[in-house]
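[1] Fold the following and give me the result.
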Amino acid sequence: MDDGVGLSSPERAVRLRFGPDRRLSAVVFLLAIGALLLAITSSDGTGRVLFGLAAIVLAGYSIGDVLFWPRLAVDEAGVRIRTPLERADLPWADVDAIRADVRQRYGLRSVTLEIDAGQTLVVLSRRALGADPEAVAGAVRRLDPRRN
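    So this is what the prediction gives:
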């Protein structure tokens, strides 16, 4: 049985999966195509370079969203993280803390999900999770078998 994240045993069935919103990824990809078309058709050399760079950055975001989905998968055995810069399969025994970090700066509220596992600290944003980090933290903590 394959559940879409490379897990093949039924006892390791994923309970929760969080990743970038695929609708947003599709919109970003369409913007990348639009920027590429503008780069091709622009008569201004500087405009071509800027639109070309925008197309590359936007395409990179949307491709990364597809390749590294889900960013966070949680089951009874532990936490699986897949980001462009970090890959980790953490058993619950290695996870020290899962918390939502809320910061207020210049009148803006920023919330991220932090997963602390000894030498490993993974920080995931709302965009990376496709959900509110505070809600994700609560849902992930409820699956922690050490709490039961």
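
[2] Count the neighbours of the residue nearest to residue 76 when sequence neighbours are not counted for me.
    Counting by CB to CB, 6 or more residues apart in numbering, residue 145 is the residue found nearest to residue 76 once chain neighbours are left out, at 6.1 Å. Any C-beta I mention is one placed from the backbone N, CA and C, and that applies to glycine too. The number of residues packed near residue 145 is 10, by other CB atoms under 10 Å.

[3] mind checking pLDDT for residue 145?
    The per-residue pLDDT reported for residue 145 equals 77.

[4] I'd assumed residue 91 was in contact with it.
    No: Residue 145 is beyond contact range of residue 91, at 10.2 Å (criterion: CB atoms under 8 Å).

[5] end-to-end on stretch 117-127?
    Chord length of stretch 117-127, first to last residue, is 22 Å (CA to CA, to the nearest Å).

[6] list the buried ones in that stretch?
    When neighbours are counted by 16 or more other CB atoms under 10 Å, the buried residues of stretch 117-127 are found to be 117, 122, 124, 126.

[7] between those, which is closest to residue 71?
    Out of those, the one with the shortest distance to residue 71 is residue 124. That distance is 6.0 Å, counting by CB to CB.

[8] Doesn't the closest one belong to a strand?
    Yes: going by DSSP: H, G, I helix; E, B strand; the rest coil, the assignment for residue 124 places it inside a strand.

[9] Quick one: residues contacting the nearest residue to it once chain neighbours are set aside.
    Nearest-residue entry for residue 124: residue 113, 4.6 Å, with adjacent residues in sequence omitted and distances by CB to CB, 6+ apart. With contact set as CB atoms under 8 Å, 6 or more residues apart in numbering, residue 113 has these partners: 72, 98, 99, 100, 101, 123, 124, 125, 129, 133, 136, 137.
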